[in-house]
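> below are the sequence and a predicted model for it; my questions follow.
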Amino acid sequence: MVTFYRRLPKFDYLKPRSLEEVLNLLGGERNGHYRVYAGGTDVIPKLKARMMKAPDVLVDLKGIPDMDYIRYDVGSGLRIGALATIFSVANAPVVKEKYPILAMAVGSIASIQVQNRGTITGNICNAAPSADSAPALLCVGARLLCVGKKGERWINIEEFFKGPSETILNPDELLKEIHIPPMPENSHGVYLKLSPRSKMDLAVVGVAAVVVAENGFIKDIRIGLGAVAPTPMRARKAEDILGGETANDETIKKAALTASDESKPIDDHRASAEYRKMMVEVLVERAIRQALSVS
């Protein structure tokens, strides 16, 4: 079989040196003719494969200073700047200590090379249903700071995704920061990814679970699912079964089956919808049990 490698389509390239410069471009008269990117690990392959229309100008954000931070405050929580790489987040000591589920999820993204180039903000702005960071961010209550020429606005991550490759960001906005509140006391989380080659492949199913429990009694639980619906999603009906209950085999299995029923996967070249539903049930049960085992 002969493989043909396409060249990149033609576009102009800019590398601004300030956030103000970017926002002036996005909010100017040629609004819609620019596309911003941070790492380019999603945008460049899509442009090369003609999976997206080439912009007039590709705007590289990597030249903007002071946007690659990872900062933690005991009172307010974790802040991740738009240019913080996947690798830096996955390996930051404070993330591993305070938000191990996030370190686990982002550490499962692609190869080390991609992790050192790509960003967490890019991972969710790409809005792939299979984005590994998204289920974990749903479970930890992430909020997103979006900025445009008209000002700033905060968006809960559950409201951010509209569909495959589609978010509620306006053409003149970009995602500046991810904010995650402090984790509740006695909370434990886990992210489980099913894929043919582990990190090197997209998730066939991704499941995140955060459980706040004490002596087997579940005070709160959040379950995030990836690759099984048009957007990353919370399995809220499954959460309702376990929240405020004492965990046992019956309720855990019922919650896992309910999460499977809530999912809305499709058939594609990676897996059938039926298989994905089966694996949601398996992985949700496994994630809950693992989270409870350390509570």
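Right, received. Where do you want to start?
> how much space between the residue lying closest to V211 once chain neighbours are set aside and F11?
Excluding its sequence neighbours, the residue lying closest to V211 (Cβ to Cβ, 6 or more residues apart in numbering) is A291, at 4.0 Å. Where C-beta positions appear, they are placed from N, C-alpha and C, glycine not excepted. To F11, A291 is 45 Å away according to Cβ to Cβ, to the nearest Å.
> just R117 next, same as before
19 Å.
> so for the two, which sits in the more crowded spot?
R117 (19 against 14; other Cβ atoms under 10 Å).
> excluding chain neighbours, what is closest to that one?
Nearest one to R117, counting by Cβ to Cβ, 6+ apart, is G39 at 4.4 Å.
> now swap in S88 and tell me
I70 (6.4 Å).
> check contacts around the one you found.
By Cβ atoms under 8 Å, 6 or more residues apart in numbering, I70 lies in contact with 78-81, 84, 88-89, 92, 94-95.
> quick one: which of those residues sit in strands?
78-81 (DSSP state E).
> run a quick neighbour tally on I86.
Neighbours around I86, by other Cβ under 10 Å: 26.
> could you measure from it over to P196?
Taking Cβ to Cβ, one finds I86 at 20 Å from P196.
> do K149 as well
Distance check for K149 against P196: by Cβ to Cβ, it reads 44 Å.
> same deal with N126?
20 Å.
> so these two - more neighbours on which side?
N126 (19 against 10).
> for the closest residue to the more buried one other than its chain neighbours, phi and psi?
With Cβ to Cβ, 6+ apart as the criterion, N126 has its nearest non-adjacent residue at 4.3 Å, and that residue is D42. When read as degrees, to the nearest 10, the backbone of D42 gives phi -100, psi -40.
> isn't D42 up against G122?
Yes: taking contacts as Cβ atoms under 8 Å, D42 lies within contact range of G122: 6.4 Å.
> quick one: which of the two has more around it?
Of the pair D42 and G122, G122 is the one with more neighbours under other Cβ under 10 Å, namely 25 against 22.
> which residue, other than its chain neighbours, is closest to I112?
Here the residue nearest I112, using Cβ to Cβ, 6+ apart, is F87, at 6.8 Å.
> now A131
N123 (5.2 Å).
> tell me the confidence at the one you found?
Per-residue confidence (pLDDT) for N123: 96.
> A strand includes V190, no?
Yes: assessed with DSSP: H, G, I helix; E, B strand; the rest coil, V190 lies in a strand.
> and it, what are its bridge partners?
A209 (DSSP bridges).
> what is the neighbour count of it?
V190 has 25 nearby residues by other Cβ under 10 Å.
> wait, what's in contact with it?
Neighbouring residues of V190 by Cβ under 8 Å, 6+ apart: 101, 104, 208-209, 287, 290-291.
> now these: which count as buried?
101, 104, 208-209, 287, 291 (16 or more other Cβ atoms under 10 Å).
> need those residues in JSON lines (columns: distance to L169).
Listed next are these as JSON lines, based on distance: Cβ to Cβ, whole Å:
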{"residue": "I101", "distance to L169": "25"}
{"residue": "M104", "distance to L169": "27"}
{"residue": "A208", "distance to L169": "23"}
{"residue": "A209", "distance to L169": "28"}
{"residue": "A287", "distance to L169": "30"}
{"residue": "A291", "distance to L169": "32"}
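> out of the residues you listed, which is nearest to E177?
The nearest member of the buried ones among the contacts of V190 to E177, counting by Cβ to Cβ, is I101 at 19.5 Å.
> the closest one contacts G189, doesn't it?
Yes: I101 is in contact with G189 according to Cβ under 8 Å; the separation is 3.1 Å.
> strands along the stretch 101-250 of the chain, start to end?
143-148, 151-156, 161-163, 166-167, 173-180, 187-194, 205-214, 217-226, 233-234, 245-246 (DSSP state E, counting those that start in this stretch).
> where does the chain have its least confident helix or strand?
Every helix and strand in the chain was compared by mean pLDDT, DSSP states H and E; the lowest is helix 43-48, with a mean of 90.
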